[in-house]
Structure formats: structure tokens, C-alpha cells
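sequence below, structure please.
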Amino acid sequence: MSTMAREGSGTSWLPDSSPMFMVHRHNGPWMLMAHDNAFLQYFDESGDRGAHQTGSINWLMGMAERNAGRGQLAFRGMISLEPWTIRACGYPDLLASGELCDGEKIHDRQHPHDLFMELSARYDAPLAGGLRWQLYGGPAAEPALGPVAYPHRVSAMPNPLAPMTHHWFDSTHVSFGVVTGGVYAKRWKVEGSAFNGREPDENRKDFDFGALDSYSARLWIKPAERWEFQVSTGHLTDPEALEEGNVQRTTASGSWFAQDGSDYNAVTAGYGINVTDHGNRQAGFLEATRRRGATAVFGRAEVLQVETALLLQDAIPPTDDAAEASDVVGAFTAGMERDVLSRAGFSVGLGAAMTVYTVPSALKGAYSDNPVSFQLFFRLRPPAGAMGRMWNMRMIGH
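Take a look at the predicted model:
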């Protein structure tokens, strides 16, 4: 037996007790749902590489589900206006790297999402006893690799910043071409994907289709309603446009969620490693959100091995030794968000956060000893009311 609250991004799973912030209604045999999260934010970073920017991180998702034969058919679409609301090569994000802009690899910024984040379909039906099978995919979808993508994790929901470890765990949540099949029961799920593992190009408004020559496998274990764990591995064929070679990505993560009325605590932790021809780079994160009434307190700790040569390419000429270097950096974020208004089916919140970075001696000359960033934001999303938050609603036909 599955629940709507279990469904995360793509075919991933959340703890069964997780809330769903969305509006929904029935239209004949269809259940129609919509979810959004929009931040108007200001970032200010210290240090020699620091920057400041005002912009909007945002996404809107629509879903439609109905019974079909012995199973259930679902369609999902997700878009973002970040190609227009995030200027330059992304929003300031010290020590982060990944994807392309102006023909070069991005660093010290987090790239904007593509206009089309997801266009997918899913069919889910019983096999025998408590077993079910699932087929999922689409022109823009998420393969079975990594934990629930950060925009959908309850532990990350109040935080407007993408994790620095995004490209170790959930960067494939926007993949242009995915087919996934899986079998599951109440406490476990096994699934595999064939997909296009190439990262999107710098034109964020189109589809970047390619051969489905990357593949992945993932196992989910749910020992109790509050817990879920996953282990996954994927072979990404030539994911980097400016760097030849494949990546073998392996991840493990666990999430916990506990509720007390409308209050809750959510925690997610993960470990990932990217194995490449140019060296292996590891990363780990721990994030948590504690909501009491209208106030949410959140935090995130990340430790990762960065591409030192990429971060220093504007400061020193790259060398073969530097290209292989994987210096360890850390980022520690703490923040607070408070709902200040609920009107016309939406909840408005105000928040602030601060991130403190630790850098090794090799990077201090470029970043200073202790860089810090500050974030102020205004947030808009469906409310956590009776029609906005759906607790453990059973899926149609289950």
C-alpha cells in the first residue's frame, strides 16, 4: 500500500508521514494537483570572490492522476522561470561548481534551472500479493539515482539555496530523456533507469536531448513510517560538455520525519562519490528543518572535495597536478523562515540565512580565510492548511 505523501521527485520516496504542500481537486476521474515554491531573494557574500544579487528562485508543478485499467496513470509537469529571473550565470554560491555558461564551466555560482524541469508520465499497477510494478519516463524527467531532489525534500524546503553537493547527489533531477522501471512492496523498492546523462547546456529554454546511454539502479528501504533509506549507483556517459570521460556516481542517504499536529521535524543525510578519469571526489551533507507553528528553523552542513583548478582558474594558471587536486571545503548554513500572511490560497513567508565556509590553505588566497554569505528572502507557496497539506492520503486505486 502506497501513499501520496510517499511520492518524492521522479520515482523517489519520502517518509510516509511527510506533508505535501499543494492545492488539489477532483475533476471527474482525475485528481488534479499543483505545487509551487517561489523565492524573491537577495544574496550578499564576503571575501575576494564574493558577490551580491537580487533574483528569484522558483518552480511550479502540476500533476494529474486517475485509475487506468488495473492500475493508475499519472502525468507530471514542472517548469521554472529562472532563465529570466536569475541573471548572469546563476545566483552567487561560493565554492559551488557545475554546468556551463558563456562556454565555460560555472564556479562560485549555482546555475539556474531549465524552463522545463519535468514532463513525464507514470503507470503503476499490481503484480501479485503486495507487489506492484511501475513504469516512468519522459522527455524531461529524473532517473533512479540519488535521494529525493532537494526542491522536494521537506528537510530543505524553507532553504532557497541549492546544496553545494548538488552535483554529487541530485543534479540529474533534470535529465532530457529518461525511462525507468521498478518493482516495489510496502517496505522496499528496486528500480533501474536508462537516461541521457549529459548536463543541460547554457540555453535554459530548450530541450537538450541525447542518447539514452547512461544507466542507474536504486534500492529503497522503508523500515518504518518515519524513515526511508536509499542506495544507488549510476554510470553517466560524457556528462560534462567541456571534459571528456564518464562518471560513476554512487550515493547513499537516509531521511527521517516526525509530526506533532501541524508541527514537524525533518532530517536528511547523504554521502556521494563521483569516480572520474580525473580523480575521485566525495561529498556529504546533513540538513534539517524544525517547524513550530508559523516558524521554521533550518540548517545544512556540507563537506566536499572540490575541483581546485576550476576554482582557481581565474587566479593561477592550471597545471596537471592542480587538475587532479581535490581540496576539502565545508559550508554550514543556519536560517529561519516565518509565515506572515495566508491569502487567496497562498502562504507568504519571510526569512534569512547565513552560510559560513571553511577553506583549505590552497584556496585562502582567492577566497580569504573565512568567507561568509547572507541571504534574505520572501517566499510564496501553497499553504499548510486543510486543503494545502495532505497527510498520508492514499493514492487513487490503492
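
neighbouring strands for the host helix or strand of residue 253, and are they parallel or not?
Per DSSP states H and E, residue 253 falls inside strand 247-260. Pairing partners of strand 247-260, with direction, according to DSSP bridges: strand 227-236 (antiparallel), strand 263-276 (antiparallel).

residues contacting residue 189?
Residues in contact with residue 189, defined by CB atoms under 8 Å, 6 or more residues apart in numbering, are 13, 182, 183, 218, 219, 220. Yep, even glycine has a C-beta here, placed from its N, CA and C like the rest.

which among these count as buried?
For those, a burial check counting by 16 or more other CB atoms under 10 Å picks out 13, 182, 218, 220.

I'd like to know which of those are part of strands.
Within these, residues falling in strands by DSSP state E are 182, 218, 220.

find the nearest non-adjacent residue to residue 120, please.
If the residues on either side of it in the chain are set aside, residue 120 comes closest to residue 138, at 3.4 Å by CB to CB, 6 or more residues apart in numbering.

circling back to that earlier point, can you list the buried residues in the strand holding residue 253?
By 16+ other CB under 10 Å, the buried positions in strand 247-260 come out as 247, 249, 250, 251, 252, 253, 254, 255, 256, 257, 259.

reformat the ones in strands among the buried ones among the contacts of residue 189 as a markdown table; add pLDDT.
Shown next, in a markdown table, are these (pLDDT from 0 to 100):
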| residue | pLDDT |
| --- | --- |
| 182 | 97 |
| 218 | 98 |
| 220 | 98 |
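
pLDDT averaged over the lengthiest helix in the chain - what is it?
Taking DSSP state H as the criterion, the chain has its longest helix at helix 361-367. Averaged across helix 361-367, the pLDDT comes to 85.

that older thread, check the buried ones among the contacts of residue 189 and tell me the two furthest apart.
13 and 182 (10.6 Å; CB to CB).

strand partners (parallel or antiparallel) of whatever helix or strand residue 93 lives in?
For residue 93, the host element (DSSP H and E) is strand 91-101. Listed by DSSP bridges, the sheet partners of strand 91-101 and their directions read strand 104-110 (antiparallel).

residues making contact with the strand it pairs with?
49, 51, 88-101, 161-162, 166, 240, 242-243, 310-311, 313.

can I get the helix or strand following the longest helix of the chain in CSV, CA atoms only?
Moving toward the C-terminus from helix 361-367, the next helix or strand (DSSP H and E) is strand 372-381. C-alpha atoms of strand 372-381 as CSV (Å, rounded to 0.1, in the frame of the first residue of the first chain):
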residue,chain,number,x,y,z
VAL,A,372,30.5,34.3,4.8
SER,A,373,27.3,34.7,2.8
PHE,A,374,24.0,36.2,3.8
GLN,A,375,20.6,35.5,2.3
LEU,A,376,17.3,37.5,2.7
PHE,A,377,14.2,36.1,1.0
PHE,A,378,10.5,36.4,0.5
ARG,A,379,8.7,33.1,-0.2
LEU,A,380,5.3,32.2,-1.8
ARG,A,381,3.8,28.7,-1.9
